[in-house]
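*Asks:* have a look; sequence and predicted model below, questions after that.
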Amino acid sequence: MRLLGIETSCDETAAAIVERDGASGPASGHGGGHANGHAGHGTILSNIVRSQLDEHAPSGGVVPELAARAHVSHLDHIIARASAEAGVPLGDLDGIAATAGPGLIGGVLVGLTTAKALAAALGKPLIAVNHLEAHALTARLTDGLRFPYLLLLVSGGHSQFVLVRGVGDYQRWGTTIDDALGEAFDKVAKLLDLGVPGGPEVELRARLGDPKRFRFPRPLLKEDRLDFSFSGLKTAVRLAAEAIAPLTKEDVADICAGFQLAVTDIVTHRATSALGRFRAELPTVAPVLVVAGGVAANQAIGAGLRQVAAETGARLVVPPIALCTDNGAMVAWAGAERLALGETDGLDFSAKARWPLDSADMGRRHG
Ligand code: KG4
Ligand code: ZN
């Protein structure tokens, strides 16, 4: 089956066509029967992403109204390009998938409404995809993973551990109680007057800095929970910067290095605990940790997670970075996984600004 995937929930306008073949549907019919289901084999036929960085750069953050307007201006021709590059006319598709939330509601509406119009005009099934589910299932497209596995999603909007038990079957083990990790990188970059997006800028400076000069706090680390908190750390960075202003290049590098070491410590500590819980709750399953989201591009955090995997005997899976950040292929793939289970949505499906992965809605098709 071939699906179009549309992604417009934040500041990327994206469309892709993905083909899925191989084992389809649940292995057996009884409760959670798809829990070990084969991923099937996926091929990305096209994957077009247009970033809105330039539109939002002057304001130093994503402006929802500008984002929605840019999606309106560009989505049609991005879908046309995805179709042309894949060599698949829209009429030959087996389904239309679009992110239906969570995200900036104006943008989500643009993508979902376009998908509904295409589905209605072409007479194809619509699959309304949860953006987090798309991130969660990407490793099955790239690495053919079987369920269950542990997902660490670290992006500009989310920082969470999720046990991925099956399509539509997720259990959130921890989340951030304030800022997302990518957001913390972006805010630190902003207060140091670095460019956007902040993560890569901070990482670049951190490489040249002394991570020991500033000792920033590691919030919540003493607590026995899998949640994150980054806002106190961000404040500590601001206070340190203010105390020694004006900052030299070396000061900036040292602050970035100290911040990056603190978040690496936090993430690796939490990942170790999460893998411990995985082993305790699923003693017969070889533990797999999947990392997704833009922060997965950070090499210091990646190295820390590789070490955690080595120490705990877990397998670490990091999809190619272009598939870790927002893209249409992950949406098409999530749509294909649902369609393979016979799950489609009505044209009256409502866009959702909030849509937690482990909400009742996620399992709605499984009763
Ligand atoms: O997944 P993503 O592309 O978009 C969403 O937020 O959904 O993630 C973007 C986030 C931004 O906050 C960006 O600063 C962060 O990922 N990021 C990084 C790096 N590259 C991107 N953070 C740290 N280090 C990086 N190399
Ligand atoms: Zn995302």
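*Replies:* Arrived safely. Ligands and ions are numbered 1, 2, ... in the order given.

*Asks:* now the closest residue to residue 282 other than its chain neighbours: how far from ligand 1?
*Replies:* Among residues not flanking residue 282 along the chain, residue 148 sits closest, at 6.4 Å (Cβ to Cβ, 6 or more residues apart in numbering). Every residue, glycine included, has its C-beta placed from N, CA and C. Distance of residue 148 to ligand 1, computed by Cβ to the nearest ligand atom, to the nearest Å: 23 Å.

*Asks:* does residue 148 touch residue 164 like I think?
*Replies:* Yes. In this structure residue 148 lies within contact range of residue 164 using Cβ atoms under 8 Å: 6.0 Å.

*Asks:* now for whatever residue of the stretch 251-367 of the chain ends up closest to ligand 1, how many residues are close by?
*Replies:* Nearest to ligand 1 in the stretch 251-367 of the chain, going by Cβ to the nearest ligand atom, is residue 294, at a distance of 2.2 Å. The tally of other residues near residue 294 (other Cβ atoms under 10 Å) stands at 22.

*Asks:* I'd like to know how far it sits from ligand 2.
*Replies:* 7 Å (Cβ to the ion, to the nearest Å).

*Asks:* circling back: phi, psi for the residue nearest to residue 282 please.
*Replies:* Torsion angles at residue 148 (phi, psi; degrees, to the nearest 10) stand at phi -90, psi 160.

*Asks:* now do the same end-to-end measure for stretch 52-59.
*Replies:* 12 Å (Cα to Cα, to the nearest Å).

*Asks:* got it, and stretch 205-218?
*Replies:* 21 Å.

*Asks:* buried set for the lowest-mean-pLDDT helix or strand in the chain?
*Replies:* Here the helix or strand of the chain ranked lowest by mean pLDDT, DSSP states H and E is helix 53-56, holding a mean of 86. Residues 55-56 are the ones in helix 53-56 that count as buried (16 or more other Cβ atoms under 10 Å).

*Asks:* counting contacts, what elements does it pack onto?
*Replies:* Contacts defined by 3 or more Cβ pairs under 8 Å, 6 or more residues apart in numbering; DSSP states H and E place helix 53-56 against helix 64-86.

*Asks:* ok, the residue in the stretch 201-350 of the chain that ligand 2 sits nearest to - contacts?
*Replies:* Going by Cβ to the ion, ligand 2 is nearest to residue 326 of the stretch 201-350 of the chain, at 4.4 Å. Listed by Cβ atoms under 8 Å, 6 or more residues apart in numbering, the contact set of residue 326 reads 7, 9-10, 12, 14, 49, 131, 155, 294.
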